[in-house]
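> Test case, fold it:
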Amino acid sequence: MGLNVSAPALFPFACDISVHLSDTSSGPVLELIGGRIESQSEIIHALAMKDGRSCDGSLPRIGTSNMQEIIQILDKLNAHLALRTFLVGHAASEADYTLWGCLKGDSKAIGLLRTTGFRTMAMLAAAKATTLKTQKTAARFALGLPNAIHGHVVTRFPPEPSGYLHIGHAKAVMLNHYFAKMYDGKLLIRFDDTNPSREKSAVGDSVTHTSDYFDQLHEYAVQLINSGKAYADDTDATMPLDHVCSCPAKSHAKLTKMGYERFHGIPSSRCDASIGDNQVRFSQMTLGTVDPDGAKWCLRAKINPNKALRDPVIYRSNPVTHHRTGDKCKVYPTYDFACPVVDSIEGVTHALRTNEYRDRNPQYHWMIEALGLRPVNIWDCSRLNFVYTVLSKRKLQQFVDRGHVRGWDDPRRGLNVEALQQFMLQQGPSEAVLSLEWDSIWALNRKMIGPQAPRFCAVLKDKRVSLTVFGGPTEPYFKLLPKHKKNPVVGEKTTVYSSSIIMEQMDAASFEDGEENAIVRGKTVAEDGSVLTVTVDLHLVGDVKATQKKVTWLAQIDSQPLVEVALLDYDYIITKKRLEGGDKFCEEALADRNVLGIASTADNNERIIQFERKGYYILDGRSSDGRLDFIKIPDARAASLAKKA
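From the prediction side, this is the model:
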């Protein structure tokens, strides 16, 4: 990797400086004009990329304009500095000044100067260079994955089987699937079942599991112990300290001993135990014989006690029976250890992780490098967040436990899979952390279901009004009409015409005497002002286009009784956990008999319908009294959103 700069004002030297990282017979070195700086092999090796490009020395820029290559270079440097403050030793040297100058002189790399190790140098003499305006790059897939080889890309989706998947998982699985398809690769579905205390055997029966690799993971843990890179530890990680932490952070009053040591960078008293002692302890942990209270013992990776990368726990004792492996072991790998190892074993080439794990990326890479496994590329993206919603399985479980919802199979709201997929792909692999509005996804969903949803009529039962149509048919008759006027493929429905019809109170109250919707003869009104009956004359010669008023009606005949349905409209649970007395979240209605055909179909697509002038609904099933329950599908319209806000 070559980085060149020509900017004397940046350095305490009065000359141009060329930086080049290369391998020599004596090991990797950092070369400057007029001399060289020797450094530890692993330091320079972490920075040098054998396939990187060298600059020609004429431009104060990183020697490539390819964004993917720039990202690779900076990621290498960032991973290296995650464990260290300075490039060489424990104080700033020419290497730090030189590399900082190279980055400072390049607009693409300027963001890296905000890392801890470079903040001090950034306060020195400022570079006299033109400030380039940063451009906000849209999150697009055109950038592609780093180091991707067409036909050989393998992505994975590794949820924990501690609960049901929800919309929060959709972005992760769809992005992984998209990239795998984009490169003609494959997607692996793997449940991370490393914690038997939180897992459920009912979740995930047709996918791979981390437990499939428990034997190999155990062997790798022993390998770390034998190489002096892991140690058994019984530092208390459950009980708060018996004394208050002296540092100003108030939350530290509840720190455990292990948490206290981690925060203050204090090594565990067990970190220098001999390899033999650690082997014996881990063997006892595996058998569950380490002591009567064996659950307090764990295995920790010996990385670094400082705050940047504390010694993480990689195995924990747990006497709970595993739902797949039984009582074979009493110790289980943690996600931090199992995830990178199994990714490498299964052939994963690119791990898409939400940026909440970004601070653990160096730890991920350390596990793989310490075991000599095949490296895996990490791609950071933001997790999915919606307003008025929590997407934590733990918090969602509280809604179930407290009875706010009837269970994890709570009523569906008609979100189409294709709409969900398109929405997730529109978000792209962005790293921006946002709380998305629901109106965007529901508007997209409406476009998807609109052309396919059959149309029916329903009239609210509450204060419904009977109409007598003079001049109407003497006997009821039936007529076949399309279920969808613009899409005949949807099918046909039978519509009943009669002189006796019903309509909703609001429509009946809007009629005026002599109005040309249907010539109104008169209407009877109750004391409270509500309409009881209406009489009208059939008026077939009027201009339909000139009539602004639209009403919904149903013919009422004994031979074709109407069907009772419930039109359900759910509010946001978070903003209103309890319904107040005046809220009507369920309204009973009468619908035409065509909806009975919807109840018997097995096609989920036909469970979504539109009730004229009411919106889209999805059939949820039958209630205990045989009533059909339809749930309103949000449509992102202003009136609907106002109700929800």
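> phi, psi of the residue nearest to residue 388 when sequence neighbours are not counted?
Excluding its sequence neighbours, the residue lying closest to residue 388 (C-beta to C-beta, 6 or more residues apart in numbering) is residue 572, at 4.1 Å. Quick note: C-beta positions are derived from backbone N, CA and C, even for glycine. In terms of degrees, to the nearest 10, the main-chain angles of residue 572 are phi -70, psi 130.
> Report pLDDT for residue 572.
pLDDT recorded at residue 572 is 76.
> how near is it to residue 396?
Distance from residue 572 to residue 396, counting by C-beta to C-beta, to the nearest Å: 14 Å.
> More neighbours: the two, which one.
Between residue 572 and residue 396, counted using other C-beta atoms under 10 Å, the more crowded position is residue 396 (20 against 14).
> pretty sure that one is touching residue 390, no?
Yes - Residue 396 is within contact range of residue 390, at 6.4 Å (criterion: C-beta atoms under 8 Å).
> coming back round to it: verify the stated contact: the residue nearest to residue 388 with residue 386.
No - the pair residue 572 / residue 386 is not scored as a contact, 9.9 Å apart, by C-beta under 8 Å.
> shared neighbours, these two?
Counting by C-beta atoms under 8 Å, 6 or more residues apart in numbering, residue 572 and residue 386 have no common neighbour.
> what comes up buried for stretch 481-493?
If you call a residue buried by 16 or more other C-beta atoms under 10 Å, then stretch 481-493 has these buried ones: 483, 484, 490, 493.
> Quick one, grab the pLDDT at the first one.
Per-residue confidence for residue 483 comes out at a pLDDT of 93.
> May I have the residues that are in contact with it?
Here residue 483 is in contact with 454, 455, 456, 490, 491, 492, 493, 594 (C-beta under 8 Å, 6+ apart).
> From residue 616, how far out is the nearest residue to it once chain neighbours are set aside?
In space, and not counting its chain neighbours, residue 483 is closest to residue 454: 3.6 Å by C-beta to C-beta, 6+ apart. Note on residue 454: its distance to residue 616, by C-beta to C-beta, is 11 Å.
> what do these two both touch?
Common contacts of residue 454 and residue 616 (C-beta under 8 Å, 6+ apart): 609, 610.
> what's the helix or strand containing residue 276 packed up against?
Secondary-structure assignment from DSSP states H and E places residue 276 in helix 275-287. Judged by 3 or more C-beta pairs under 8 Å, 6 or more residues apart in numbering; DSSP states H and E, helix 275-287 is in contact with helix 214-226, strand 230-233, strand 298-301, strand 313-317, strand 331-333.
> The helix or strand that the second one is followed by - what's its average pLDDT?
By that I understand strand 230-233. Using DSSP H and E, the helix or strand that follows strand 230-233 in sequence is helix 257-264. Averaging pLDDT along helix 257-264 yields 77.
> Buried by neighbour count: which residues of helix 257-264 qualify?
So, applying 16+ other C-beta under 10 Å, buried residues of helix 257-264: 257, 258, 259, 260, 261, 262, 263.
> Pull out the CA atoms of that helix and give them to me as PDB.
Taking Å, rounded to 0.1, in the frame of the first residue of the first chain, the C-alpha atoms of helix 257-264 are listed here in PDB:
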ATOM      1  CA  LYS A 257     -16.800  -7.000  39.400                       C
ATOM      2  CA  MET A 258     -16.200  -8.100  35.800                       C
ATOM      3  CA  GLY A 259     -17.900  -5.000  34.500                       C
ATOM      4  CA  TYR A 260     -15.800  -2.800  36.800                       C
ATOM      5  CA  GLU A 261     -12.600  -4.400  35.700                       C
ATOM      6  CA  ARG A 262     -13.600  -4.100  32.000                       C
ATOM      7  CA  PHE A 263     -14.500  -0.400  32.300                       C
ATOM      8  CA  HIS A 264     -11.300   0.500  34.100                       C
END
